[in-house]
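Engineer: quick one, structure for this:
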Amino acid sequence: MNTTTIPEADFVLNCMVATEKKTFTIATLALIYLITLFGNLLVILVILINHQLQTPMFFCIGALAAIDLANSSNLIPKMLSLLIFNYTVVSSGFCLLQMVLVFHLEVIETLLLGLMAYDRYVAVLYPLRYPSIITNRTVFIFLVVFNDPKYLIILSITAAVLGIGPLVLILFSYTRIAYAALKISSSEGKNKVFSTCLTHLLVVGLFYCPLLLSYVLPGAGVKLSTEAYNTMVIVGNIIPPMLNPIIYSFRNKEIKNSIYKLFMGKKTVTQIGAKK
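Structural biologist: Modelled structure (predicted):
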């Protein structure tokens, strides 16, 4: 009889996927990961090669794509190895590292989404002051601070203490934006404001809704099965990174135009208009 000795410091992961669903689950996760890699790398690439996209708003979009890549690469490959190779034993050190990465990346993303909401707030309510308030240097310093572990620990503790502080900032910004939009007399002006903010709101909803529900429902007395709870947490961590670049590609004409140029080898509409 063969016996396997597992060190006390290691963890054994329990896969809850039924045998008949395993192949479908593996194929779905692999597809999600491939789309996530392709989409986010494409967004980062077009921002890097197109100087017209190197503005504060697009730097934030590029940073969001980088965070999404890191988060997906931290989670999905491990899920696939568990399902494909039945590699269920994980060292405590690796498990702790993965948990810390998930926590830090989620903290950074919440703060980045808060910054992007503030960007839209200034763009709509103070358009003439926007170039002086939101600058490349300001965004660059913001991003550099978030990738420095020395500051990241402080920011993580602050975010944990404040709880949903960034979400409050986002809701405040969009409440003020909606109020300002309603005061615009022309329907065209209102549509322009809402169109400017819709993309970011979709991204915020995708990130917050599954994660908040996984915490709020049990707190409200709603009993969730282990499978339902895990599904909500997993969806909140792997679906937004896949959909974010798709949303920005379809909703943002500058990114869409740059992607078209990259694949077709043609000049963008903006560049053609500039030459005329």
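
Engineer: who's in contact with residue 193?
Structural biologist: 124, 177, 180, 181, 184 (C-beta atoms under 8 Å, 6 or more residues apart in numbering). C-betas here are computed from N, CA, C, even on glycine.

Engineer: mind checking which helix or strand it is in?
Structural biologist: helix 187-219 (DSSP states H and E).

Engineer: next: residue 144.
Structural biologist: helix 136-146.

Engineer: now do that helix, average pLDDT.
Structural biologist: Taken as a whole, helix 136-146 has an average pLDDT of 80.

Engineer: remind me what it packs against, helices and strands.
Structural biologist: helix 56-85, helix 92-125, helix 149-162 (3 or more C-beta pairs under 8 Å, 6 or more residues apart in numbering; DSSP states H and E).

Engineer: okay if I get these as JSON lines plus mean pLDDT and distance to residue 197?
Structural biologist: Formatted as JSON lines, the helices and strands packed on helix 136-146 follow (pLDDT from 0 to 100; distance: least, C-beta to C-beta, whole Å):
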{"stretch": "helix 56-85", "mean pLDDT": "88", "distance to residue 197": "12"}
{"stretch": "helix 92-125", "mean pLDDT": "82", "distance to residue 197": "5"}
{"stretch": "helix 149-162", "mean pLDDT": "64", "distance to residue 197": "23"}
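
Engineer: can I get these in CSV with mean neighbour count and distance to residue 244?
Structural biologist: Formatted as CSV, these follow (neighbours: other C-beta atoms under 10 Å; distance: least, C-beta to C-beta, whole Å):
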stretch, mean neighbour count, distance to residue 244
helix 56-85, 19, 6
helix 92-125, 18, 10
helix 149-162, 12, 20
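
Engineer: switch these over to CSV; also include distance to residue 259.
Structural biologist: Listed next are those as CSV, based on distance: least, C-beta to C-beta, whole Å:
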stretch, distance to residue 259
helix 56-85, 13
helix 92-125, 20
helix 149-162, 32
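
Engineer: of all those, which one is nearest residue 21?
Structural biologist: helix 56-85 (10.1 Å; C-beta to C-beta).

Engineer: just the CA atoms of stretch 231-240, as PDB, please.
Structural biologist: Backbone C-alpha positions of stretch 231-240 (Å, rounded to 0.1, in the frame of the first residue of the first chain) are rendered in PDB as follows:
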ATOM      1  CA  THR A 231     -18.100  31.000  -7.500                       C
ATOM      2  CA  MET A 232     -18.800  34.600  -6.600                       C
ATOM      3  CA  VAL A 233     -15.300  35.200  -5.400                       C
ATOM      4  CA  ILE A 234     -13.700  33.600  -8.400                       C
ATOM      5  CA  VAL A 235     -16.000  35.400 -10.800                       C
ATOM      6  CA  GLY A 236     -15.100  38.700  -9.100                       C
ATOM      7  CA  ASN A 237     -11.400  38.000  -9.700                       C
ATOM      8  CA  ILE A 238     -11.200  36.400 -13.100                       C
ATOM      9  CA  ILE A 239     -14.100  37.700 -15.200                       C
ATOM     10  CA  PRO A 240     -13.400  41.500 -14.900                       C
END
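
Engineer: hmm, who's touching that stretch?
Structural biologist: With C-beta under 8 Å, 6+ apart as the test, stretch 231-240 has contacts from 29, 32, 36, 68, 71-72, 75-76, 79, 102, 106, 203, 206-207, 209-211, 213-214, 224.
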